[in-house]
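[1] fold the stuff below for me.
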Amino acid sequence: MAAGRKQLASNGDGPATWLPRLQAYVEELKREMRLVTWPNRAQVRSTTLVVLVTVFAFAVFFGVVDFVLASGQTALYQYFR
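    Next comes the predicted model:
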């Protein structure tokens, strides 16, 4: 076990190195987030509407397909009964 700890410290993964790397990561994350172009309220509203309409359309489509296939399956079972 002691050899494992010695190896961990020798390859640079000890507590002395992860904290500065974490701080550098957070600083880089902040810098990148300042460069993000955020959508305005109208863009969010319109894309949300597109998503909702698309989900509703797919729900109707799959409902119709399910109904047709279930009706066909029932008719097929009745035929071979």
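
[2] please enumerate the helices of the protein.
    Assigned by DSSP state H, the chain shows helices spanning 2-10, 15-35, 41-79.

[3] what about the residue nearest in space to the middle of the chain, distance to Gly63?
    Closest residue to the average C-alpha location of the chain: Val51 at 15.3 Å, with CA atoms, centre = their mean. Counting by CB to CB, to the nearest Å, the separation of Val51 from Gly63 is 18 Å. Where you see a C-beta, it was placed from the backbone N, CA and C, and this is true even at glycine.

[4] repeat for Glu27
    50 Å.

[5] cool, and Val53?
    From Val53 to Gly63 the distance is 16 Å (CB to CB).

[6] what's the weakest-modelled helix or strand in this structure?
    Within the chain, confidence by mean pLDDT, DSSP states H and E is lowest for helix 2-10 among all helices and strands, at a mean of 51.

[7] domains for this structure, by residue range?
    Residue ranges for each domain of the chain read 1-36, 39-81, as given by automatic domain parsing.

[8] lowest-confidence stretch among these?
    Lowest mean pLDDT within the domains of the chain: domain 1-36, at a mean of 77.
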